[in-house]
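Student: quick one, fold the following:
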Amino acid sequence: MPSDSANSRDSMSGSETSRVTEPTSDTGSADRAVPEQVPRASVPALDAMLGRPFKVLDDGFVRVLDYMGDDAAVVQAARISYGAGTKQIHQDRGLIRYLMRKHHTTPFEMCDIKLHVRVPMDTWRQWVRHRTACLAAGTDLVFDLPGGLRRQGRQAYRVKIEELYRKFQPTLNRTRPDTQRNPCFGAGRVRAMLLRQMNEDTGLIQHTHIVNVYKNGIKPVFRMILCDGKTIECTADHRFRFADGWKTLAAATGLRLVGRHAVWTPGNYDLYVNGRELSDGVIHRDRSWLNEQYNVLNRRISDIAAAAGISYPTIRKWIRKYGLAHAKGGRSTPPWNVGRRYRLGPRRLSSAFTAANRRVRSGPASNFWRGGVTSGRASVARWTAQAARRVHDRNGWTCQLCHERSATLHAHHIVPVWADASRARDERNLTTLCIRCHRRVHLDELAYVEQLGGPPARAEWVRRPRIAWNRVVAAKMVRIERFEYAGEKDTYDIEVEGPYHNFVANGIVTHNSVNEYSTRYSVAIDATQQTAPDEWRLQAAGNRQGSSGTLPVEAGERLSAAERALQDEARRVYEERLAAGVAREQARKDLPLSTYTEAYWKINLHNLLHFLHLRMDDHAQEEIRAYARVIGEEIVAAWVPIAWEAFLDYRRHALQLSGIETEIVRLINLDDRAGALRVAGEHGLLTRRRDGGLARNRERAELDTKLALLGLVAPWS
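Tutor: Sure, this is the predicted structure:
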């Protein structure tokens, strides 16, 4: 969301060891010191409810998993930024109310909370629109082309995040009705693309799929520059995978904005990037990976073996070979078959084994593989084919080596392209050869250069190292060099499929802002949100997005019974598909939106209050209002009671008047009924119907509500 000028001027926290950089600075990191550890803030009322679910609707819940900061953190952030100016504000309550009243938002971003929610899918679709962590326009997402994977390699394809967002928007069909195209065709193609992702258990680079792309408006963004030259622009609350887990840049480095400068706490910060290639293709033989799995992540040998796709003894052998074993002793006696050799009889290969062997020894895996055909060489081949007729016509359609005519002729480069690339598109370097001579010349191309009329050529074939077909790419860690403030830009976020909710952007492993339960990998939750007979709401007459009143209970009972039957049938069909072996990702497609899903939601206090302000409003959908009330009244009120009180006074229960409304209220107070009617009429609030009555006007209806709260009577009523 856009930041206000006061926000960026004087609402950012800092520290005495913070570093300030201009947007183009090149400050190094060699002199950074490790920051002093500060005791973690604790709120006893919130500690008492950690992990305890608050029931919402019929089968939903909200529970707190973790939090950071409290009211004191907001005060501390503001007083550091304001400096001596806070001496005039002596109480924490007064300062927090001042910050809320003046819309100084950044001190509230010093507090974070992580929630676990169970919510119906249709309600969740509204929920995830409130996303805070964002990537700036211009960020490249890294995909792998299926053709590269079929050739048992990798071929990167980069797409900018704003282009992905454009593809996810429905297109406007302008063709005839009988030739209409799918308006979401672009989104379907993007969802099928292979987006790079890091396996958080093994560190290997794998693939995921995009679920949706969101545009989050203009926000202040920072440019993070790594020591290997990689850069990415994002908001300070975007999460990356650091050595000690997922953290936002603000939480891990103290990154914040002071004036027009990027400020962060000195220190050594390492995060994961796209990866290194393990050329032998055997992940368990990579010492650094094995050490990370066994000694850093403390994984069991059986789990490491399962991740690498090999046996338990093999992992144990390489742990001993690299000296990574824990000080727990070893075997007392050597294995019984050490040093023994075995002689096997002749082996008769089956056709299935032969076919499989041919498959794994083809393409890049072949001993004769020379790297394939690059796009540049393919372009030269096309040009040669186009010039061949002119070359053959010039040579009288006769082979220039055996001087015989042939049914099949080839345009041949006299000086090979690999020996002199500058002559690749020179027609004078082309000659005509029959198929027999062409094959003979290619046995030793340089020996025939002068014989075919070319200049003396001396070049050596440089053998390129063979790349294993089964090479593995594993993520590696790189240190952050510096940050720069990149200004305010359009920001976006994407949602990806699980089980790991991360993706590779600009070569850096980054996280999306929401973790949702994935029915692509797990069986759907066997619970649906059901409507009581007296809760079926009527469509509002003046608001297509709202409701007003309820149906009679008798009609509601029939609708509730039909709802239960529909949900039961959808669940039966879903489970029948699973029992038949249908993939979960396909079996789920007909589940109703009332099916519950679960998600982990991490958000700072400022954005949480913004969410509550919108979703606790009387015009919000009742289902999401139920969740907002529980989060606000039960959790936030216990977590930051002073900030919650200020939020209720200055946001939730505050009355905001536009300039037109202020003028009308002033005239009503002056008992100038005619003046109030004149102002309202000039601004289109008193449009008449054909029968002379007032036409429906939403802005006038809202003003009527505000006047009633102020104890005033509208002059047009």
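
Student: for stretch 299-316, which outside residues touch it?
Tutor: With contact meaning CB atoms under 8 Å, 6 or more residues apart in numbering, stretch 299-316 is reached by 199, 201, 202, 204, 283, 284, 290, 293, 294, 319. For every residue, glycine as well, the C-beta is placed using N, CA and C.

Student: can I get the buried part of those residues as one PyMOL selection?
Tutor: Burial among these is assessed by 16 or more other CB atoms under 10 Å; the matching PyMOL selection reads:
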select buried, resi 202+204+283+284+290+293+294+319
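
Student: which of the contacts of stretch 299-316 scores worst on pLDDT?
Tutor: On pLDDT alone, residue 283 ranks lowest of those, at 72.

Student: roughly how far apart are it and residue 314?
Tutor: To residue 314, residue 283 is 11 Å away according to CB to CB, to the nearest Å.

Student: in the stretch 1-150 of the chain, where is pLDDT below threshold?
Tutor: Residue ranges of the stretch 1-150 of the chain with pLDDT under 70: 1-40, 80-90, 128-133, 147-150.

Student: how about 90 then?
Tutor: Along the stretch 1-150 of the chain, segments meeting pLDDT under 90 span 1-42, 51, 58-59, 65-66, 68-69, 72-95, 97-114, 120-137, 142, 144-150.

Student: look up the closest residue to residue 209, ignoring the ones flanking it.
Tutor: residue 497 (5.0 Å; CB to CB, 6 or more residues apart in numbering).

Student: from what I see, residue 424 and residue 417 are in contact.
Tutor: Yes: counting by CB atoms under 8 Å, residue 424 touches residue 417, with 4.7 Å between them.

Student: what residues are shared contacts of the two?
Tutor: residue 380.

Student: contacting residues for residue 290?
Tutor: Taking CB under 8 Å, 6+ apart, one finds 284, 304, 315, 318, 319, 322, 324 in contact with residue 290.

Student: for residue 317, see how far away it is.
Tutor: The value you get for residue 290 to residue 317, if CB to CB is used, is 11 Å.

Student: try residue 487
Tutor: 54 Å.

Student: picking up where we left off before, what about the residue nearest to residue 209, neighbour count?
Tutor: Using other CB atoms under 10 Å, residue 497 has 20 other residues around it.

Student: what's the answer for residue 703, then?
Tutor: Quick note: residue 703 (other CB under 10 Å) scores 21 neighbours.

Student: where's it, which helix or strand?
Tutor: Per DSSP states H and E, residue 703 falls inside helix 698-709.

Student: distance from that helix to the middle of the chain?
Tutor: Relative to its parent chain, helix 698-709 has a centroid offset of 42 Å by CA atoms, centre = their mean, to the nearest Å.

Student: buried residues in it?
Tutor: 700, 703, 704, 706, 707.

Student: got it, and stretch 49-57?
Tutor: Those would be 49, 54, 56, 57, for stretch 49-57 by 16+ other CB under 10 Å.

Student: I figured the third one hits residue 626, correct?
Tutor: Yep, that's residue 56 we're talking about. Yes: between residue 56 and residue 626 there is a contact at 5.3 Å, judged by CB under 8 Å.

Student: state the mean pLDDT of the strand or helix carrying residue 262.
Tutor: Residue 262 belongs to strand 261-264 when assigned by DSSP H and E. Averaging pLDDT along strand 261-264 gives 90.

Student: who does it touch, helix- and strand-wise?
Tutor: On a contact count with 3 or more CB pairs under 8 Å, 6 or more residues apart in numbering; DSSP states H and E, strand 261-264 meets strand 19-21, strand 256-258, strand 472-496.

Student: sheet-wise, list the partners of that strand with their directions.
Tutor: Taking DSSP bridges as the criterion, strand 261-264 forms sheet pairs with strand 19-21 (antiparallel), strand 256-258 (antiparallel).

Student: now do the buried residues in the biggest helix by length in the chain.
Tutor: Assignment by DSSP state H gives helix 553-579 as the longest helix of the chain. By 16+ other CB under 10 Å, the buried positions in helix 553-579 come out as 556, 560, 563, 567, 570, 571, 574, 577.

Student: how distant is the helix or strand just after that helix from the center of its chain?
Tutor: Beyond helix 553-579 on the C-terminal side, the first helix or strand identified by DSSP H and E is helix 584-587. Averaging C-alpha positions (CA atoms, centre = their mean) puts helix 584-587 22 Å from its chain's average.

Student: C-terminal to helix 584-587, what's the next element?
Tutor: strand 596-604.

Student: strands paired with that next one, and their directions?
Tutor: Strand 596-604 has its sheet partners listed here by DSSP bridges as strand 112-120 (antiparallel), strand 514-516 (antiparallel).

Student: angle of whatever helix or strand comes next after it against strand 596-604?
Tutor: Once strand 596-604 ends, the next helix or strand along the chain (criterion: DSSP H and E) is helix 605-615. Angle of helix 605-615 versus strand 596-604, following axes from the mean of the first three to the mean of the last three CA atoms, to 10 degrees, is 130 degrees.

Student: got a list of contacts for helix 605-615?
Tutor: The contact list for helix 605-615, computed with CB under 8 Å, 6+ apart, reads 1, 69, 74, 105-106, 108-113, 126, 130, 132, 237, 603, 620, 624-625, 627-628, 631-632, 636, 640, 643, 647, 651-652.

Student: any idea of the mean pLDDT in stretch 582-590?
Tutor: Per-residue scores along stretch 582-590 average to 81.

Student: tell me which residues in that stretch are buried?
Tutor: Within stretch 582-590, the residues scored as buried using 16+ other CB under 10 Å are 584, 587, 588.

Student: how far does it stretch from one end to the other?
Tutor: 13 Å (CA to CA, to the nearest Å).

Student: before we move on, back to that, which among the buried residues of helix 698-709 gets closest to residue 672?
Tutor: Checking these against residue 672 with CB to CB, the nearest one is residue 707 at 14.7 Å.

Student: for the nearest residue to that closest one once chain neighbours are set aside, give me the backbone phi and psi.
Tutor: Computed as CB to CB, 6+ apart, the closest residue to residue 707 that is not its neighbour in sequence is residue 714, at 5.3 Å. Torsion angles at residue 714 (phi, psi; degrees, to the nearest 10) stand at phi -70, psi 130.

Student: how many residues are close by residue 714?
Tutor: A total of 18 residues lie near residue 714 under the criterion other CB under 10 Å.

Student: measure it to residue 660 for me?
Tutor: In this view, residue 714 and residue 660 are 13 Å apart by CB to CB.

Student: cool, and residue 187?
Tutor: The gap separating residue 187 from residue 660 is 41 Å, by CB to CB.

Student: quick one: which of the two has more around it?
Tutor: The residue with more neighbours, out of residue 187 and residue 660, is residue 187; 19 against 16, by other CB under 10 Å.

Student: just checking, the more buried one is part of a strand?
Tutor: No: remark: residue 187 does not belong to a strand; assigned using DSSP: H, G, I helix; E, B strand; the rest coil, it is helix.

Student: residues touching the residue nearest to it when sequence neighbours are not counted, list them.
Tutor: In space, and not counting its chain neighbours, residue 187 is closest to residue 168: 4.5 Å by CB to CB, 6+ apart. By CB under 8 Å, 6+ apart, the residues touching residue 168 are 186, 187, 190, 212, 213.

Student: having no further points to raise, I will conclude here.
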